[in-house]
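Enquirer: build me a model from this:
(one chain, ligands or ions: 1)
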Amino acid sequence: MTEATGIVGEFLSLKADSDADLLAMQCGDFYEFFDEDAEIVADELDLKVSQKSSHGASYPMAGVPVDDLTPYVSALVERGYRVAVADQHETADGHAREITRVVTPGTHLETTDDAAQYLAAVVGTGGDSSDPVAGADGSYGLAVADVTTGQFHVTQLDGPDARTRIQTELYKFDPAEVLPGPDLRGDDDFLDRLRERTDAALTVHTEESFAPGRARHRVRDHFGPETVDSVGIADDDAAICAAGAVLSYVEDTGVGTLASITRLQSYGATDHVNLDATTQRNLELTETMQGGTDGSLFDTIDHTATAAGARLLREWLQRPRRDRAELTRRQSCIAALTEAAMAREQLCETLSDAYDLERLASKAVSGSADARDLRAVAGTLSLLETVEDVIDEDDRLADSPLADALDRLDREVVADLAAELDAALVDDPPGTVRQGGLFCRGYDEELDAVIERHEDALEWLETLPDREKETTGITHLSVDRNKTDGYYIQVGKSEADDVPDRYEGIKELKNSKRFTTDELQERERAVFRLEEQRHEMEYELFGDLRERVAEDATLLQDAGRVLAELDAVASLAIHAVRNDWTRPELTDGRELDVEAGRHPVVEQTTEFVPNDLRMDGATSPPDQERASGHADADRQFLIVTGPNMSGKSTYMRQAALITLLAQVGSFVPARAATVGLVDGIYTRVGALDELAQGRSTFMVEMQELSNILHSATDDSLVILDEVGRGTATYDGISIAWAATEYLHNEVRAKTLFATHYHELTSLADHLDRVHNVHVAADESDGDVTFLRTVRDGPTDRSYGIHVADLAGVPEPVVDRSRTVLDRLREEKAIEAKGSGSSEPVQTVFDVNAGGFKRADESETATADGGTAAEASDGGLDPETEAVVEELTELDVNETPPVELLATVQQWQEQLDDG
Ligand SMILES: Nc1ncnc2c1ncn2[C@@H]1O[C@H](COP(=O)(O)OP(=O)(O)OP(=O)(O)O)[C@@H](O)[C@H]1O
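Expert: As a prediction, the model looks like this:
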């Protein structure tokens, strides 16, 4: 094939120079995609493909009008493509095109999603990555930016497990795009985990941008050397490398938002509660286990009025804090708002008119804000005054930290900017900045003069029809304008012959004729000239105004943050009031004492039975405890037993969510609660279907357990649901047993452990801080009533068969299971039911003797002694015999319960067939 030339050739060569997945190239009034790109785009966005011939060859082509590019690029980026945009500009000899920006998932400014959109770089220095579970020593740096709001967070983790911990840190941001440092690009384990845990696009950014010298220079250059020192990362090479790479990437993509990244925020490993991705998923913080957002914690408690408020609230849930002062501050704001009902409503009503100032700041900086955006800035800034009034007028709010939040802003500068924008822009400006109509009179003298002349000229045109009618006597005469003919006089056909000589015909239509005159042409030229002049002047003035706003980007970000914070605490107050939540007492101890606690999500849809939870704070130091050997020490490890479906998981998640909400600064669903602040919440939640999925899932379960045992500390909260269930019973019990001992003796974390292994309950007799609780149920006449009440002590039995019944397992199997269970319980014998004859012959498995006997036989035969054959001699058909044989070989203790049920069902079918 010959090489493409002309416009397609230009497209292909630009494309080859970029590392984007797709290129949109401006060709006059359209952005075109050619060749393969055209096909991909047409497919993704349902565009029409046409053919472009170029020097004998034909290429697929798809295009969108210039003004419509943004939504198309957004849709493509949201589908994971990196889209380069080549703009056309005029040159002395025609025009030229060049790539002006590459829009990527992490630098996409026009996102339609209100949630934060993070671009992250992660860098490792030193350490050995050969141990995938424990991670490696060394230093790992993470920099995370949200170009849509200008947020920029940096951290560095060192020492043991730094690699694993930095990954956990990364997942918390749920990044849209990740730039792995040079050392991590070949690390399959790291990349695999990243792909598993996030939907982030992985991008290879130039190695030089990660180089320590260059990165340090860039970071200092961007934020100022003092900032780097003052936020305490001057010596953190890994963090600096990551930060430098992010800045360089944002600059290279050319989306123009680099300047909106104004504040370097560094945070330490101890600022936030450790919440790994598994725990975020298990606790359904922002998404449910099924993947939807409805029914997540965020969905339940979010009553925010603004997108920025919702974004902040979500961030609070994903990154709970450990700083008691900050949490108490949030609590005090919420407390004041819960009491001041009227003021709260006024505040929310005011906030509902607020726009997303953080995002508007980024749009101003990147030059993409239009006049409506700047009007929104003005309107939102002026709301601050109303907000201040609302707070001032209610003593409870005025005396709370809510008032201090506003004081963080330089109110004079805010007022000046709002006033300037108000004076500049008309109330309802058009959505385009190139066609004038943006500015108020009085803003700029020169513009006013042009506008006046323009309007005079327009008035002459508007009054022209009346004058012409009068001088010519023509009745059906109008003056209009269109793109091709410009201004024209239109006369009805019947009078078209009566026009004066000065009328010059330009077009004939079915019922009318169009004319122009010398004077009209002259006036038209004047109008066009003035129009163009006005558009240009307004465009230029608007550019200046936008730059002026961009200079105040930090102020807008701060103001946006304050409003978002007010919105988030107001939302938490609303939820607390509506659901009767209470302010928890926060302590630096280790207790978790909840009176009449509820599950924040389940209580929305269920008549919830509240439950208490008591885990003690003070702990005797390990040596003292060992020395004393006393058995009734503190209560810090609860083994939760109870029937299936009784509410064990709900109870444990409730404990985790109450702790989490307390560390968000929120009120909690309980009558009263004292929460000792934790450094991390770790959960391992088994799903029943894992049984069916086999060994690999068990492997995952064990990896999660391993992570918990490695990461949790004595300040953590650990929730274990059914650990060890994915393997044979004895293995499972042993693992659960050993994990309990390790957590109790070595890790010493506050732990809740739900289990069906009744054997574990005896650990309470051996380990000081282990206590049993159970979710009570009532059983009478074979019916189980779930009481949903948690009581001290272990449960006395399991109710699995009742659940099998509820789940619709066929009646015969359920009945049969009951019999089998009764027999097992009585440690008597299981009978294998025969069929085929009117008088079923019973073969009996004697649990004590481990062998079979005929029901009418008095002697027990041993399992290995050929008894089945003897029994068959006594009249068993071959199907029954086969079942009996299988039954003989089945090890009840080694078989998971569900499998046991399935086997019983299969036997029944076999016997029925026989
Ligand atoms: N305190 C409560 N009040 C009302 N309903 C509850 C309560 N606790 C749990 N439930 C409801 O009971 C059902 C079962 O709860 P859950 O899944 O916690 O049971 P489980 O004991 O963990 O079950 P399994 O052992 O089968 O995993 C859920 O539908 C839940 O909504």
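
Enquirer: enumerate the residues of the stretch 601-750 of the chain near the ligand.
Expert: Taking Cβ under 6 Å from any ligand atom as the contact definition, the stretch 601-750 of the chain meets the ligand at 602, 606, 608-609, 611, 642, 644-650. For every residue, glycine as well, the C-beta is placed using N, CA and C.

Enquirer: do the same with the chain
Expert: Residues of the chain that fall close to the ligand, judged by Cβ under 6 Å from any ligand atom: 602, 606, 608-609, 611, 642, 644-650, 788.

Enquirer: can we see that at 5 Å?
Expert: Along the chain, the residues adjacent to the ligand under the rule Cβ under 5 Å from any ligand atom are Val602, Thr606, Phe608, Val609, Asn644, Met645, Ser646, Gly647, Lys648, Ser649, Thr650, Arg788.

Enquirer: list the buried ones in the strand or helix carrying the last one?
Expert: Looking back up the chat, that one is Arg788. Assigned by DSSP states H and E, Arg788 belongs to strand 783-792. Neighbour counts over strand 783-792 (16 or more other Cβ atoms under 10 Å) mark Val784, Phe786, Arg788, Thr789, Val790 as buried.

Enquirer: so what strands line up beside that strand?
Expert: Partner strands and pairing direction for strand 783-792 (DSSP bridges) are strand 770-780 (antiparallel).

Enquirer: hey, C-alpha coordinates of the strand it pairs with in PDB?
Expert: Extracted as PDB, the C-alpha positions of strand 770-780 are listed here (Å, rounded to 0.1, in the frame of the first residue of the first chain):
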ATOM      1  CA  VAL A 770     -11.300 -14.300  74.600                       C
ATOM      2  CA  HIS A 771     -15.000 -14.300  75.400                       C
ATOM      3  CA  ASN A 772     -18.000 -15.900  73.800                       C
ATOM      4  CA  VAL A 773     -21.100 -14.200  72.600                       C
ATOM      5  CA  HIS A 774     -23.900 -15.700  70.500                       C
ATOM      6  CA  VAL A 775     -26.800 -14.500  68.500                       C
ATOM      7  CA  ALA A 776     -29.800 -16.100  70.100                       C
ATOM      8  CA  ALA A 777     -32.500 -18.100  68.300                       C
ATOM      9  CA  ASP A 778     -35.500 -19.900  69.600                       C
ATOM     10  CA  GLU A 779     -36.400 -23.400  68.400                       C
ATOM     11  CA  SER A 780     -39.600 -25.100  69.100                       C
END
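
Enquirer: report the buried residues of it.
Expert: Val770, His771, Asn772, Val773, His774, Val775, Ala776, Ala777.

Enquirer: for Thr674, see how far away the last one is.
Expert: Here the distance between Ala777 and Thr674 works out to 29 Å (Cβ to Cβ, to the nearest Å).

Enquirer: what do you get for the first one?
Expert: When distances are taken as Cβ to Cβ, Val770 and Thr674 turn out to be 21 Å apart.

Enquirer: what of the fifth one?
Expert: When distances are taken as Cβ to Cβ, His774 and Thr674 turn out to be 23 Å apart.

Enquirer: next SSE after the top helix by length along the chain?
Expert: As assigned by DSSP state H, the longest helix anywhere in the chain is helix 518-551. Under the assignment DSSP H and E, the closest C-terminal helix or strand after helix 518-551 is helix 553-579.

Enquirer: could you give me the average pLDDT of that following helix?
Expert: Over the span of helix 553-579, the pLDDT mean works out to 96.

Enquirer: tilt between that helix and helix 518-551?
Expert: Helix 553-579 runs at 70 degrees relative to helix 518-551, counting by axes from the mean of the first three to the mean of the last three Cα atoms, to 10 degrees.

Enquirer: can you read off the pLDDT for Asp188?
Expert: Asp188 is given a pLDDT of 88.

Enquirer: next, count neighbours for it.
Expert: 9 (other Cβ atoms under 10 Å).

Enquirer: got it, and Ala42?
Expert: Neighbourhood size, Ala42 [other Cβ under 10 Å]: 17.

Enquirer: got a list of what it touches?
Expert: Residues near Ala42 by Cβ atoms under 8 Å, 6 or more residues apart in numbering: Lys48, Val49, Pro60, Ala62.

Enquirer: tell me if the last one really is in a strand.
Expert: Yes: with DSSP: H, G, I helix; E, B strand; the rest coil as the criterion, Ala62 is assigned to a strand.

Enquirer: so it sits against Ile40, correct?
Expert: No: contact criterion Cβ atoms under 8 Å: Ala62 and Ile40 do not qualify, at 9.2 Å.

Enquirer: what sits in contact with each of the two?
Expert: Phe33.

Enquirer: comparing the two, which shows the higher neighbour count?
Expert: The residue with more neighbours, out of Ala62 and Ile40, is Ala62; 24 against 18, by other Cβ under 10 Å.

Enquirer: for that one, name its beta-bridge partners.
Expert: Bridge pairing for Ala62 - DSSP bridges - gives Phe33.

Enquirer: state the distance from His153 to the ligand.
Expert: 36 Å (Cβ to the nearest ligand atom, to the nearest Å).

Enquirer: that residue: helix or strand, and which one exactly?
Expert: strand 151-158.

Enquirer: the residues of the stretch 601-750 of the chain next to the ligand into JSON lines, with extra columns for pLDDT, neighbour count and secondary structure?
Expert: Shown next, in JSON lines, are these (pLDDT from 0 to 100; neighbours: other Cβ atoms under 10 Å; DSSP: H, G, I helix; E, B strand; the rest coil):
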{"residue": "Val602", "pLDDT": "94", "neighbour count": "17", "secondary structure": "helix"}
{"residue": "Thr606", "pLDDT": "90", "neighbour count": "12", "secondary structure": "coil"}
{"residue": "Phe608", "pLDDT": "93", "neighbour count": "18", "secondary structure": "coil"}
{"residue": "Val609", "pLDDT": "94", "neighbour count": "16", "secondary structure": "coil"}
{"residue": "Asn611", "pLDDT": "95", "neighbour count": "23", "secondary structure": "strand"}
{"residue": "Gly642", "pLDDT": "87", "neighbour count": "28", "secondary structure": "coil"}
{"residue": "Asn644", "pLDDT": "79", "neighbour count": "20", "secondary structure": "coil"}
{"residue": "Met645", "pLDDT": "81", "neighbour count": "18", "secondary structure": "coil"}
{"residue": "Ser646", "pLDDT": "85", "neighbour count": "25", "secondary structure": "coil"}
{"residue": "Gly647", "pLDDT": "90", "neighbour count": "25", "secondary structure": "coil"}
{"residue": "Lys648", "pLDDT": "91", "neighbour count": "25", "secondary structure": "helix"}
{"residue": "Ser649", "pLDDT": "92", "neighbour count": "19", "secondary structure": "helix"}
{"residue": "Thr650", "pLDDT": "93", "neighbour count": "21", "secondary structure": "helix"}
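
Enquirer: now the two most distant members of those residues.
Expert: Farthest pair in those (Cβ to Cβ) is Phe608 and Asn644. Separation: 19.1 Å.

Enquirer: please, where are all the helices along the stretch 401-550 of the chain?
Expert: Ranges of helices in the stretch 401-550 of the chain, per DSSP state H, counting those that start in this stretch, are 401-407, 411-424, 445-472, 518-551.

Enquirer: quick one, which of those helices gets closest to Leu69.
Expert: Nearest to Leu69, of the helices of the stretch 401-550 of the chain and by Cβ to Cβ, is helix 518-551 at 18.8 Å.

Enquirer: how far is the closest one from where the chain is centred?
Expert: Chain-centre distance of helix 518-551: 44 Å, with Cα atoms, centre = their mean, to the nearest Å.

Enquirer: and that helix, which residues are buried?
Expert: Applying 16+ other Cβ under 10 Å to helix 518-551 flags 520, 523-524, 526-527, 530-531, 533-535, 537-539, 541-542, 545-546, 549-550 as buried.

Enquirer: ok so, going back, which one of the buried residues of strand 783-792 sits closest to the ligand?
Expert: Checking the buried residues of strand 783-792 against the ligand with Cβ to the nearest ligand atom, the nearest one is Arg788 at 3.7 Å.
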